[in-house]
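Trainee: Provided below for reference: sequence and predicted model.
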Amino acid sequence: MSKADKMFEELGYEIIVNDNETLNYEKTGLYVDKEIVFEKLDKEFSVGFSTGENCHITMQELQAINEKVKELGWI
């Protein structure tokens, strides 16, 4: 397990999809789930609720995202 994966796990996320195109972390919430999705081919990520709405992220989530971006070799 990578450093970023451990950081996401500590924040309550689990990996839902991890293939050649997509890496999807998901955190179960009280009313809706929160998703952080990395599009590997396009080198993009998005954060949102399972309803499709955008959402805010915490500083800890940002740190985990930055670590994953490094691990993916995007920066």
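Mentor: Sure, I can see it. Numbers count the residues shown, from 1 in each chain.
Trainee: report the distance from stretch 65-74 to the chain centre.
Mentor: Put simply, stretch 65-74 sits 11 Å off its chain's centre (Cα atoms, centre = their mean, to the nearest Å).
Trainee: the chain: strands as residue ranges?
Mentor: Along the chain, the stretches classed as strands by DSSP state E are 14-18, 22-27, 34-39, 44-49.
Trainee: out of those, the one nearest residue 7 is which?
Mentor: Nearest to residue 7 among the strands of the chain is strand 22-27 (10.2 Å), distances taken as Cβ to Cβ. To be clear about C-beta, it is placed using only N, CA and C from the backbone, and glycine gets the same treatment.
Trainee: and that closest one, what does it pack onto?
Mentor: strand 14-18, strand 34-39 (3 or more Cβ pairs under 8 Å, 6 or more residues apart in numbering; DSSP states H and E).
Trainee: and those, which is most packed in?
Mentor: strand 34-39 (a mean of 19; mean count of other Cβ atoms under 10 Å).
Trainee: contact partners of it?
Mentor: 8, 13, 16, 21-27, 44-50, 55, 57, 61, 65, 68, 72 (Cβ atoms under 8 Å, 6 or more residues apart in numbering).
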